[in-house]
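Novice: Mind folding the following:
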Amino acid sequence: MSEQDKKTPNGQSTLDGSDQVAVRQAKLDGLCESGSNPFEANWEQSHVSTEAVSLLPPEEEVGPEVSVAGRIIAFRLMGKAAFLKLLDRGGKIQAYVRRDEIGDDEYASFKKLDLGDFIGVRGPLFRTKTGEVTVRAKEYRLVTKALRPLPEKWHGLSDSDQIYRQRYLDLVVNDESRERFKTRSKIIREIREFMWSRDFVEVETPMLQAVSGGAAARPFRTHFNALDCDFNLRIALELHLKRMLVGGFDRVFEVGRVFRNEGLSRRHNPEFTMLEAYQAYSDYRGMMELTRSLIQQVAERALGTLQVERPEGEVIDLSGDWREAKYKDLILEAVGTKDWFELPKAQKLEKTQAMGIEVDPELEDFEITNDVFEKVIEPTLVQPTFVTHIPRELCPLAKVTQSDPSTIDVFELCINGQEIAPAYSEQNDPGVQRDAFLKQVGEETQELDDDFLLALEHGMPPAGGMGMGIDRLVIFLTKAANIRDTILFPTLRPL
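Specialist: Model prediction:
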């Protein structure tokens, strides 16, 4: 309970400066004393709001009887009658309650209802003078009494911290937020439908792992009491999915939670959702087609369009083929010099300083270059762009480009100024893979997963692999301002 809450004589809390909770508690006590049950087990719904409204065509004034239920979000008493709005999973529907229709005693109880209460209503549909489809109540029942009031501002909560901590309130009062999470659900459903249509098998891999692999990230650690040893929460899905390729599952994918014990930002949350997919006898080119087709189908089915308008007004066009650009070409264009990759580290640092880029001088040479990409180039990649042939130091799990041993057969798909999905031609040579792992272990950026190398030594077919950040895709498709707006219960510091 908040320190600002007050106590009533019966021990119930009240909101600071208000006795609304005490009043609601008194109503609850009265209901219980009268033999009513303010917390029913059920109410039979015949229709949700949207279904009920669709039963009354525009040319008709009356419709069939329906049974609906939901939370009261608007309440207007007019003496012997009242209008109220109910919110359910489909949307909102209006109900009309008259005293002479339900009786004096029932109407007296009805007038004691509060905003936020859940009720069931049964009666025929009719159209009001303003044209709104409404349920004319023959019967109503309180099914859940709300002891705390909803936020006063119906346009939503203004305190962002309260929005994230009490998401349930945000979902009640904020139509935009509620629709965004419905859209997120549609996006994930359509991702699965697409992958299944391509004959991919959905699998589940362990969240608790003895060795963290598949990315260079700091893990969350925990102790497994029964085994008396430490485990990590996974930082990627990759290495176990590639074990599935070794086992003969040629097309596998997983939509799973991933955990990285790193920073918080507008685009980063330590707990997030990834799609990872691996296809045998394919490569990064095959993943390029797969990724483009996937996003196009998801957008078309979840949003109904391939034209996504940014909050700034620019329209992102997802149709047709997408631009390809080599990483090195983009870097040379950004820095304005043709010999960037031959420059010593000190001159690179001087150049980045002149460009106004803050770069840690302790970074490796390739990391300085990648800082230029992430800080200068990536934010400009608004239209879909496959950035190809990334420096080999950035990923030990991909095949080296035959025509340029300094790069790997990789793309990073950038849309809306951020990376959405990287994909590789997967490394299946166990000797090369071991050397790459050992180099990263020496740099303390990744642990050595001997069990994965053992699996690789049994033979993994050539394959393409792709990972996609679901939260970032939702940010883009729903025009969210912050990754926390796409995660129902984002990670927050405890109060």
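Novice: Show me the strands in the stretch 301-450 of the chain, by range?
Specialist: 307-309, 315-317, 323-326, 385-391, 400-401, 404-415, 418-425 (DSSP state E, counting those that start in this stretch).
Novice: Report the angle between the fourth one and strand 404-415.
Specialist: Interaxial angle, strand 385-391 versus strand 404-415 (axes from the mean of the first three to the mean of the last three CA atoms, to 10 degrees): 150 degrees.
Novice: what angle do strand 385-391 and strand 418-425 make?
Specialist: Going by the same axes, to 10 degrees, strand 385-391 makes 60 degrees with strand 418-425.
Novice: Correct me if wrong: residue 300 contacts residue 307.
Specialist: No: taking contacts as CB atoms under 8 Å, residue 300 lies outside contact range of residue 307: 10.6 Å. No exception for glycine: its C-beta is placed from N, CA and C like everyone else's.
Novice: more crowded one of these two?
Specialist: residue 300 (14 against 11; other CB atoms under 10 Å).
Novice: and the more buried one, what pLDDT?
Specialist: Listed pLDDT for residue 300 reads 98.
Novice: Can you tell me the closest non-neighbouring residue to it?
Specialist: residue 306 (6.1 Å; CB to CB, 6 or more residues apart in numbering).
Novice: phi, psi of residue 34?
Specialist: phi -80, psi 0 (degrees, to the nearest 10).
Novice: One more: residue 359?
Specialist: According to degrees, to the nearest 10, residue 359 has phi -130, psi 130.
Novice: Compute the number of surrounding residues for it.
Specialist: 18.
Novice: Surely it and residue 371 touch.
Specialist: Yes: counting by CB under 8 Å, residue 359 does reach residue 371; the two are 5.1 Å apart.
Novice: for the protein, which spans come out with low pLDDT?
Specialist: For the chain, the stretches with pLDDT under 70 are 1-18, 153-158, 440-446.
Novice: can you list the domain ranges for it.
Specialist: Using automatic domain parsing, the domain ranges for the chain come out as 37-144, 173-322+383-485.
Novice: end-to-end on the last one?
Specialist: In terms of CA to CA, to the nearest Å, the two terminal residues of domain 173-322+383-485 are separated by 15 Å.
Novice: for stretch 230-250, same thing?
Specialist: With CA to CA, one end of stretch 230-250 sits 32 Å from the other.
Novice: which of the residues in it are buried?
Specialist: 231-246, 250 (16 or more other CB atoms under 10 Å).
Novice: With stretch 339-351 instead?
Specialist: So, applying 16+ other CB under 10 Å, buried residues of stretch 339-351: 340-341, 343, 348-349, 351.
Novice: would you put the C-alpha positions of the longest strand along the chain in PDB?
Specialist: The strand that spans the most residues within the chain, counting by DSSP state E, is strand 62-78. Backbone C-alpha positions of strand 62-78 (Å, rounded to 0.1, in the frame of the first residue of the first chain) are rendered in PDB as follows:
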ATOM      1  CA  VAL A  62     -34.500  -3.300 -33.600                       C
ATOM      2  CA  GLY A  63     -32.600  -6.600 -33.400                       C
ATOM      3  CA  PRO A  64     -32.400  -9.900 -31.600                       C
ATOM      4  CA  GLU A  65     -31.900 -10.400 -27.900                       C
ATOM      5  CA  VAL A  66     -28.200 -10.700 -26.800                       C
ATOM      6  CA  SER A  67     -26.300 -11.300 -23.600                       C
ATOM      7  CA  VAL A  68     -23.200  -9.200 -23.200                       C
ATOM      8  CA  ALA A  69     -20.800  -8.500 -20.300                       C
ATOM      9  CA  GLY A  70     -18.000  -6.100 -19.600                       C
ATOM     10  CA  ARG A  71     -16.500  -3.300 -17.500                       C
ATOM     11  CA  ILE A  72     -18.500  -0.100 -17.100                       C
ATOM     12  CA  ILE A  73     -16.400   2.700 -18.600                       C
ATOM     13  CA  ALA A  74     -19.200   5.400 -18.800                       C
ATOM     14  CA  PHE A  75     -22.400   5.800 -16.800                       C
ATOM     15  CA  ARG A  76     -25.100   8.500 -17.300                       C
ATOM     16  CA  LEU A  77     -28.100   8.400 -15.000                       C
ATOM     17  CA  MET A  78     -31.200  10.300 -16.100                       C
END
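Novice: ok but residue 296 is inside a helix, no?
Specialist: Yes: following the definition DSSP: H, G, I helix; E, B strand; the rest coil, residue 296 is counted among the residues of a helix.
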